[in-house]
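Colleague: Quick one, what's the 3D model for this:
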Amino acid sequence: MSIKKALLFGIAEKIGESSGIITHNFFDKKGNILKKVIKDIIPDHHKGLNKIVELLVDGKYGAIHDKKELDAVGHRVVHGGEIFKSPTLIDERVIAEIKKNIPLAPLHNPPNLTGIELARSIFSDSPHVAVFDTAFHQSIPPKAFLYALPYSLYEKHKIRKYGFHGTSHLFVAQEAAKYLGCLLKDLNLITIHLGNGASMAALEKGKCVDTSMGLTPLEGLVMGSRCGDIDPAILFYLANYLDMSMEEIEKLLNKKSGLKGICGENDMREIVAKSRQGDYKAILAADIYCYRIKKYIGAYTAVLGSCDCIVFTGGIGENSSYIRLLCCQGLSKFGVDIDHEKNNRAKGKTAQISSEKSTVKILAIPTNEELKIANETKCVIEKNIKSTIF
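Modeller: Residues are numbered from 1 along each chain as shown. The predicted model follows:
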């Protein structure tokens, strides 16, 4: 049986800064969400996690009496390289392999490891499971994951496309199959995860055969502050003619580009509002953003041969009817036709937004990576228990 209900959830922010914030969400007896916000200095992640544990076992705000009651702890890990093709019970070998992948994800894997090490020390009686963003994309064939660089760079340094947001893509693909009353293995899908980071995936008979992000999360779609696909020779121009350092170029492409670089905003809600007021750069940013998505829809339709369903998810994909509309406009000859009224109503729950004449179903599905991580963790623990019974 799948896990369906969160007992509580929250976030600790501004760790190591002058003032930290813990937002703790819990439920009353009627199922209403209540919120407790604690503003205090959180000097480091260890102290932050200990404060969270205090809330977990609190008689008024918590859900358990003792931290030993936790059956397992699931961890999102961004980069699993080629080693990890599925969620994995964490031991010293797994930690060592995650460390080896730090050069592939220098901004993500170190904090992921910090979280694992701290959680294992605090929840020492519970098994821990790593769920990798890259694992779902390990079914991509070499013709799609290799770059046209010297093959030795792949052999020696594993430079290739890995893809990210895999937990989200898999979750909404499975939800789409349920909604359509089909088996996932019988469907060809294009899943579109649009948040501050954005990526797409092509699923053939339920298996990922291509995805837009690459060696790093920088490749692919236009994002909040990331540029996505560009001519790589631009980097030479920036270095040779504008005298920019590698550090400055990396910051430019990851933190100063994308929507923010075009119009000064990376919040799509603000961009849509300004677009409706006639702001030229906001209109341009939204157009560029959706044009890139539309190109990938066309490319992935060609890769799949036929597409049964397009799924929008992520903060923008789930909530912005305007962006969904722009992405699907002009695709009616490909069997993609959006219903304006259904599209405008779709928010917060799974909804079909395609018109009656659309041969390709279009769905908006809220993602739930935490739920997927919880279910994957549960499966790994149950499998491990079964494998130890003689």
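Colleague: which residues touch residue 313?
Modeller: Contacts of residue 313 were listed using C-beta atoms under 8 Å, 6 or more residues apart in numbering, and they are 168, 172, 191, 192, 193, 194, 364, 365, 366, 367. For glycine as for every other residue, the C-beta is placed from the backbone atoms N, C-alpha and C.
Colleague: so it bridges to which residues?
Modeller: Going by DSSP bridges, residue 313 is paired in beta bridges with residue 193.
Colleague: swap in residue 23?
Modeller: Bridge pairing for residue 23 (DSSP bridges) gives the partners residue 11, residue 37.
Colleague: ranges for the strands of the stretch 251-390 of the chain?
Modeller: With DSSP state E, counting those that start in this stretch as the definition, the stretch 251-390 of the chain shows strands at residue ranges 309-313, 351-352, 361-364.
Colleague: which secondary structure elements does the last one contact?
Modeller: Using 3 or more C-beta pairs under 8 Å, 6 or more residues apart in numbering; DSSP states H and E as the contact criterion, the neighbours of strand 361-364 among helices and strands are helix 166-180, strand 309-313, helix 321-328, strand 351-352.
Colleague: what's the shortest one packed up against?
Modeller: Taking 3+ C-beta pairs under 8 Å, 6+ apart as contact, the helices and strands that strand 351-352 lies on are helix 340-345, strand 361-364.
Colleague: Neighbouring strands of that strand in the sheet, and parallel or not?
Modeller: Strand pairing for strand 351-352, determined by DSSP bridges: strand 361-364 (antiparallel).
Colleague: returning to that earlier point: give me whichever of the strands of the stretch 251-390 of the chain is most buried.
Modeller: strand 309-313 (a mean of 27; mean count of other C-beta atoms under 10 Å).
Colleague: between that one and helix 321-328, how big is the angle?
Modeller: If you take axes from the mean of the first three to the mean of the last three C-alpha atoms, to 10 degrees, strand 309-313 sits at 150 degrees to helix 321-328.
Colleague: Tell me what angle strand 309-313 forms with helix 166-180.
Modeller: The directions of strand 309-313 and helix 166-180 differ by 130 degrees, with the same axes, to 10 degrees as the criterion.
Colleague: Next, the buried residues of the helix or strand of the chain with the lowest mean pLDDT.
Modeller: Across the helices and strands of the chain, the lowest-confidence element by mean pLDDT, DSSP states H and E is helix 369-387, at a mean of 86. Neighbour-count burial for helix 369-387, counted by 16 or more other C-beta atoms under 10 Å, picks out 369, 371, 372, 373, 374, 375, 376, 377, 378, 380, 381.
Colleague: which residues sit in contact with the first one?
Modeller: Residues counted as contacts of residue 369 (C-beta under 8 Å, 6+ apart) are 76, 167, 168, 171.
Colleague: Tell me the buried residues within these.
Modeller: Applying a neighbour-count criterion of 16+ other C-beta under 10 Å, the buried members of the contacts of residue 369 are 76, 167, 168, 171.
Colleague: Pretty sure the last one sits against residue 368.
Modeller: Put plainly, it is residue 171. Yes - counting by C-beta atoms under 8 Å, a contact exists between residue 171 and residue 368, whose distance comes to 6.1 Å.
Colleague: Can you list the low-confidence ranges for the protein?
Modeller: Across the chain, the ranges flagged by pLDDT under 70 are 1-3, 385-390.
Colleague: same thing but at 90, please
Modeller: Applying pLDDT under 90 to the chain flags residues 1-7, 14-19, 28-31, 44-46, 48, 102-108, 111, 347-348, 383-390.
Colleague: Am I right that residue 182 is in a helix?
Modeller: No - membership of residue 182 in a helix is not supported by DSSP: H, G, I helix; E, B strand; the rest coil, which gives coil.
Colleague: Please report how far it lies from residue 188.
Modeller: Counting by C-beta to C-beta, to the nearest Å, the gap between residue 182 and residue 188 amounts to 11 Å.
Colleague: Please apply the same query to residue 283.
Modeller: Applying C-beta to C-beta, one obtains 33 Å for the distance of residue 283 from residue 188.
Colleague: ok so, going back, mutual contacts of residue 182 and residue 188, please.
Modeller: Applying C-beta under 8 Å, 6+ apart, one finds that residue 182 and residue 188 are jointly contacted by residue 308.
Colleague: And the two? Which one has more around it.
Modeller: The neighbour count for residue 182 versus residue 188, taken as other C-beta atoms under 10 Å, is higher for residue 188 (20 against 14).
Colleague: Distance of that one relative to residue 352?
Modeller: Distance from residue 188 to residue 352, counting by C-beta to C-beta: 17 Å.
Colleague: With residue 373 instead?
Modeller: Using C-beta to C-beta, one obtains 27 Å as the distance from residue 373 to residue 352.
Colleague: Then residue 271?
Modeller: From residue 271 over to residue 352 the distance is 26 Å, taken as C-beta to C-beta.
Colleague: Please confirm that residue 82 is located within a helix.
Modeller: No - in this structure, residue 82 is coil, not part of a helix, as judged by three-state DSSP.
Colleague: Isn't it up against residue 158?
Modeller: Yes - in this structure residue 82 lies within contact range of residue 158 using C-beta under 8 Å: 6.3 Å.
Colleague: Next, the contact list for the residue nearest the centre of the chain, please.
Modeller: Centroid-nearest residue in the chain: residue 165, 3.2 Å away (criterion: C-alpha atoms, centre = their mean). For residue 165, the contact set (C-beta under 8 Å, 6+ apart) comprises 133, 193, 197, 199, 201, 213.
Colleague: likewise residue 167?
Modeller: Residues near residue 167 by C-beta under 8 Å, 6+ apart: 76, 131, 133, 136, 369, 372, 373, 376.
Colleague: mind redoing it with 6 Å?
Modeller: 369, 372 (C-beta atoms under 6 Å, 6 or more residues apart in numbering).
Colleague: Kindly report the same for residue 75.
Modeller: Each residue near residue 75 by C-beta under 6 Å, 6+ apart is listed here: 116, 130.
Colleague: Right, I'll leave it there.
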